[in-house]
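Novice: no FASTA, just this:
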């Protein structure tokens, strides 16, 4: 927690790639990162176990059980269609985490190669890529995702594509910066002098230097992606009902805020905790991967 | 021409192509929205003939490049077309909604700067104290909490239970309190973190040690010597937060039924009013680009060490 969170991780690449063992040990000693991991483990456990042991169908309406307050039978209460909220919030973890992971994967799959080539090779590709990135970053992040979903329409796949595309420029910038600073290193020059092909230099020498910041950025980005997807869901532009998605449940719950506080409260709490866990883990990873910054 | 003016000119010449690119992207994106806009605007009961007439009226029968040229030409004159739903000029709809959004964003950025700076200073000057941990924990909550959930929770406490403040709508000062706090929370956290780390960095500098050695009193050391130098990255972050605020405003306005641009955008998306969507997305992008430009220039102005030759 000792370093500020920003949308882009600032990174000075190391000259040598250090063994991974030390990173894990440093991460384990990082208290806040451990807290993040524990919260995430809790979500994974809930997402796996609750739907199995719950006696309730997450999507089936039960009009005899509408808007029940939290009780032993329904710890989080029931929603406007009589569905058990605990079951739906637990299943929502599957949906939200899946969307987050796929969106960040898509972002990285586009942004990392583009950033590598842009930074290492420079030239026309770099200029073109950077102008595109400029245009992408001229939109507030959430606005870009919102506009894309408006075009594509709702649904899990489209949420993933919208959120993933909207954050890709961040990766291009990040990776390009590292690739640029690595390009002039002596060992790259040596590899080139030995006649290594460009693709090999990028894959074996430039990419490994980009991985630590990409891992940190991706962890933080998972939180942002879940937050953005939940925001789309809240506006009614996320997944299709009855799929249990936290933002969508929260949006529906606001309608019943004056009579049934719990519908909006628990899905929102889940989003908050999940995002916080990824932020904690990301900050911990940053400290563990970059020993110069010290333990938080 | 001074170096600052030269920098300004160069920075502007970079921003203009970006803005042109933004208009192209928005133009293309909106045309990718499924459905025939001519049919939507002409109405469900319109005959094929009427739809054809509407299409040529909107210029939709022209080649796409010509459409873009027409679109740009109108844009320069401040013409964003007509709303598909209300038939009112989009520019008027945008203009009337600009004020509530602008006021909300302004209140939030002022609150975020005041609270964020103060919290950051407290945190940095008392590193590893209870206050430091408190500020950093709250800041962690601030960057993790969904703005719409925070808004709803504030509403639950202050409107539903305590009945102190209105649950939504626009009007007096009371209406501003909850949306401003909800929207500012994320920026407060970011500014506090940045202020803390930036200040801690300057505390290690020789000039701070010199000031202390000269016997300058501590508040003066912090404010005049350390903070003044720590301010540059903080200004950048505050500027960048403006973009986050615009994005967050879309969600905050929907939560609090705030009659601003963000809520209009969400409504326009639901009703497939694509000229309005296009107008608002463009407005947001232009404001955001302009703010980034101002921040860059301010940065050059504040930091006399940087020469922009």
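Specialist: Alright, I've got the coordinates. None of the values given here were measured: they were computed from a predicted structure. Numbers count the residues shown, from 1 in each chain, chains lettered A, B, ... in the order given.

Novice: And the residue of the stretch 1-150 of chain B that's closest to chain A?
Specialist: The nearest approach of the stretch 1-150 of chain B to chain A comes at residue B:149, 3.2 Å away (CB to the nearest CB). For every residue, glycine as well, the C-beta is placed using N, CA and C.

Novice: Identify the residue nearest that residue in space, chain neighbours excluded?
Specialist: Closest residue to residue B:149 apart from its sequence neighbours, by CB to CB, 6 or more residues apart in numbering or on different chains: residue A:268 at 3.2 Å.

Novice: Remind me what the helix or strand where that neighbour lies packs against, helices and strands.
Specialist: Secondary structure assignment for residue A:268, by DSSP states H and E: helix A:262-289. When contacts are defined as 3 or more CB pairs under 8 Å, 6 or more residues apart in numbering or on different chains; DSSP states H and E, helix A:262-289 sits against helix A:20-29, helix A:31-53, helix A:85-121, helix A:207-234, helix A:246-255, helix B:130-144, helix B:147-155.

Novice: Could you double-check that residue A:223 lies in contact with residue A:282?
Specialist: Yes. Counting by CB atoms under 8 Å, residue A:282 is a contact partner of residue A:223 at 7.2 Å.

Novice: Could you report the neighbour count for the residue nearest to residue B:149?
Specialist: Neighbour count of residue A:268, defined by other CB atoms under 10 Å in any protein chain shown: 27.

Novice: try residue B:168
Specialist: 18.

Novice: In this structure it contacts residue B:254, no?
Specialist: No. If you go by CB under 8 Å, residue B:168 and residue B:254 don't touch, sitting 9.9 Å apart.

Novice: re earlier: and the residue of the stretch 1-150 of chain B closest to chain A, what is it in contact with?
Specialist: A:250, A:264, A:268-269, A:271-272 (CB atoms under 8 Å, 6 or more residues apart in numbering or on different chains).

Novice: out of those, what pair is the most spread apart?
Specialist: Of all pairs drawn from the contacts of residue B:149, the one with the longest distance (CB to CB) is A:264 and A:272, at 12.2 Å.

Novice: which of these two has more neighbours?
Specialist: residue A:264 (25 against 20).

Novice: Hmm, residue A:250 and that one touching each other?
Specialist: Yes. In this structure, residue A:264 is within contact of residue A:250 by CB under 8 Å, at 5.2 Å.

Novice: tell me, what's touching these two both at once?
Specialist: Joint contacts of residue A:264 and residue A:250 (CB under 8 Å, 6+ apart) are B:149, B:152.

Novice: Quick one: low-confidence residue ranges for the stretch 51-200 of chain B.
Specialist: Across the stretch 51-200 of chain B, nothing is flagged by pLDDT under 70.

Novice: how about 90 then?
Specialist: B:51-68, B:70-71, B:74-88, B:127, B:160-161, B:163, B:165-174 (pLDDT under 90).

Novice: what residues does the stretch 1-150 of chain B put near chain A?
Specialist: For the stretch 1-150 of chain B, the contact set with chain A under CB under 8 Å from any CB of the partner chain comprises B:14, B:17-19, B:21-22, B:25-26, B:29-30, B:32-34, B:136, B:140-141, B:143-149.

Novice: Buried ones from the residues you listed, can you make that a ChimeraX selection?
Specialist: Buried members of the residues of the stretch 1-150 of chain B next to chain A, defined by 16 or more other CB atoms under 10 Å in any protein chain shown, are picked up in ChimeraX with:
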select /B:18,19,21,22,25,26,29,30,33,136,140,143,144,145,146,147,148,149
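
Novice: Return the backbone torsion pair for residue B:162.
Specialist: Dihedral pair for residue B:162: phi -80, psi -20, per degrees, to the nearest 10.

Novice: now residue B:82
Specialist: Backbone torsions for residue B:82, taken as degrees, to the nearest 10, come to phi -110, psi 150.

Novice: Skipping its backbone neighbours, what lies nearest residue A:30 in space?
Specialist: Excluding its sequence neighbours, the residue lying closest to residue A:30 (CB to CB, 6+ apart) is residue A:284, at 4.1 Å.

Novice: Neighbours of that neighbour, how many?
Specialist: The burial count assigned to residue A:284 is 27, neighbours taken as other CB under 10 Å.

Novice: and what of residue B:114?
Specialist: Residue B:114: 13 neighbours (other CB under 10 Å).

Novice: Residue B:90 contacts residue B:81, correct?
Specialist: Yes. Here residue B:90 reaches residue B:81: they are 5.4 Å apart, a contact under CB under 8 Å.

Novice: Please enumerate the shared neighbours of the two.
Specialist: Contacts common to residue B:90 and residue B:81, judged by CB under 8 Å, 6+ apart, are B:275, B:278-279.

Novice: My guess is residue B:289 contacts residue B:18. True?
Specialist: Yes. Counting by CB under 8 Å, residue B:18 is a contact partner of residue B:289 at 6.3 Å.

Novice: Now for the two: what residues contact both?
Specialist: Common contacts of residue B:289 and residue B:18, defined by CB under 8 Å, 6+ apart, comprise residue A:138.

Novice: Do you know the pLDDT at residue A:166?
Specialist: On pLDDT, residue A:166 comes in at 93.

Novice: give the contact list for it.
Specialist: A:136, A:139, A:141-142, A:144-145, A:148, A:228.

Novice: in what helix or strand does the closest residue to chain A within the stretch 201-309 of chain B lie?
Specialist: When scored by CB to the nearest CB, the stretch 201-309 of chain B has residue B:247 as its residue closest to chain A, at 3.4 Å. Using DSSP H and E, residue B:247 maps to helix B:228-255.

Novice: what's the following helix or strand after that helix?
Specialist: Counting by DSSP H and E, the next helix or strand C-terminal to helix B:228-255 is helix B:261-270.

Novice: List the buried residues in that next one.
Specialist: Quick answer for helix B:261-270 (16+ other CB under 10 Å): B:261-266, B:268-269.

Novice: now stretch A:201-214
Specialist: Buried-residue list, stretch A:201-214, by 16+ other CB under 10 Å: A:201-202, A:205-207, A:209-210, A:212-214.

Novice: Show the model's pLDDT score for residue B:277.
Specialist: So, for residue B:277, pLDDT stands at 90.

Novice: same thing with residue A:13?
Specialist: Among the per-residue scores, residue A:13 shows a pLDDT of 54.

Novice: Output the set of residues of the stretch 51-200 of chain A in proximity to chain B.
Specialist: With CB under 8 Å from any CB as the criterion, the stretch 51-200 of chain A meets chain B at residues A:131-132, A:134-135, A:138-143, A:146-148, A:150-151, A:153.

Novice: With respect to residue B:63, which of those residues is nearest?
Specialist: Nearest to residue B:63 among these, with distances taken as CB to CB, is residue A:151, at 21.3 Å.

Novice: Which strand or helix spans the closest one?
Specialist: Assigned by DSSP H and E, residue A:151 belongs to helix A:141-152.

Novice: what's the next secondary structure element after that helix?
Specialist: Helices and strands here follow DSSP H and E; after helix A:141-152, the next one along the chain is helix A:156-183.
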